[in-house]
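**Student:** how does the following fold in three dimensions:
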Amino acid sequence: MSNPAPTVYIVDDDPAVLKSLSRLLRASHLNVEAFATAQEFLDRHDRSSHGCLVLDVAMPGLDGLELQSALAAGGSTIPIIFLTGRGDIPMTVHAMKEGASDFLTKPVNETDLLAAVQLAIKKDLIARQARAELDEILERLATLTPREREVLVHVVSGQLNKQIAGDLDIVESTVKVHRARVMEKLKVQSVAELVRLAERAGIGGERRRSPPLPPLH
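**Tutor:** Coordinates of the predicted model:
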């Protein structure tokens with residue numbers, strides 16, 4: 001299934017800036033949605049949308065940094081390109097620490113803005129693909145039985161079938177059956193693939209230790 005076309009969201013309380021940036025981005029064949037206030041964008045933002053946010057820092061009411069915090073608190077990971085007319089260094093540092101994709105000074109250089117937007121859109125696409133892959137892995141993990149999950153943890157911890165059997169107080173042949181079912185359900189062909197998949201899901205640990213698994217859905 002293909003990804004929907006990205007949208008560049010612009011939030012700025014200056015109508016002239018909104019108009020000029022919208023015109024520039026649309027001329028580059030990008031979808032654009034413009035908002036005069038941060039609150040308006042926050043009220044209408046769809047976390048599933050693909051793209052990036054071009055955001056003015058200093059605005060009446062909810063400012064840019066406050067909107068950044070509100071989006072993060074709501075689980076949004078949209079890349080943010082901040083615009084400022086003041087070049088406030090502490091503000092820049094704070095925004096970048098909080099995950100801003102870029103920080104540009106007004107009046108914005110058109111080439112710099114377009115480059116920042118394209119990079120932010122690319123980051124968003126990569127991040128969304130990674131989250132989709134992780135969701136698929138978690139769905140596969142949810143199909144395992146409790147015993148299969150135990151065997152999985154022991155396998156990725158580096159234990160042999162005989163050691164797993166001893167730890168779980170079952171016979172080695174039963175371990176082999178569970179191990180084969182784990183490989184089948186998780187759609188992997190080797191232990192190396194199994195370990196990589198487990199690492200993506202946050203499963204790992206030292207020998208004979210069983211780290212927590214993601215909860216069943």
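
**Student:** the residue nearest to residue 15 when sequence neighbours are not counted and residue 125: what is the separation?
**Tutor:** In this structure, residue 15 finds its nearest non-sequential neighbour in residue 36, 7.1 Å apart by C-beta to C-beta, 6 or more residues apart in numbering. Every C-beta, even on glycine, is put in place using the N, C-alpha and C of the backbone. As for residue 36, its distance to residue 125 is 28 Å (criterion: C-beta to C-beta, to the nearest Å).

**Student:** same check on residue 7?
**Tutor:** Look at residue 7 and residue 125: by C-beta to C-beta, they are 12 Å apart.

**Student:** those two: who's more crowded?
**Tutor:** Each of residue 7 and residue 125 has its neighbours counted (other C-beta atoms under 10 Å); residue 7 has more, 18 against 14.

**Student:** quick check: phi and psi on the more buried one?
**Tutor:** As for residue 7, its main-chain torsions (degrees, to the nearest 10) stand at phi -120, psi 140.

**Student:** look up which residues are beta-bridged to it.
**Tutor:** Here residue 7 shows beta-bridge partners residue 31, residue 51, assigned using DSSP bridges.

**Student:** mind checking pLDDT for it?
**Tutor:** pLDDT recorded at residue 7 is 96.

**Student:** wait, doesn't it sit right on residue 53?
**Tutor:** No: using C-beta atoms under 8 Å, residue 7 and residue 53 do not qualify as a contacting pair, with a distance of 9.6 Å.

**Student:** biggest helix in this structure by residues?
**Tutor:** What stands out as the longest helix in the chain, according to DSSP state H, is helix 110-141.

**Student:** which other helices and strands does that helix contact?
**Tutor:** helix 15-27, strand 51-56, strand 80-84, strand 102-105, helix 191-200 (3 or more C-beta pairs under 8 Å, 6 or more residues apart in numbering; DSSP states H and E).

**Student:** show me what contacts the closest residue to residue 113 other than its chain neighbours?
**Tutor:** Counting by C-beta to C-beta, 6+ apart, residue 104 is the residue found nearest to residue 113 once chain neighbours are left out, at 6.2 Å. Listed by C-beta atoms under 8 Å, 6 or more residues apart in numbering, the contact set of residue 104 reads 81, 82, 83, 84, 112, 113, 116.

**Student:** gap between residue 104 and residue 44?
**Tutor:** In this structure, residue 104 lies at 24 Å from residue 44, with C-beta to C-beta as the measure.

**Student:** output the below-cut-off pLDDT ranges for this structure.
**Tutor:** Within the chain, the stretches falling below the threshold (pLDDT under 70) are 1-3, 86-89, 205-217.

**Student:** for residue 103, see how far away the most centrally placed residue in the chain is.
**Tutor:** For the chain, residue 127 is the residue whose C-alpha lies nearest the centre (C-alpha atoms, centre = their mean; 4.5 Å). Residue 127 is 19 Å from residue 103, where distance means C-beta to C-beta.
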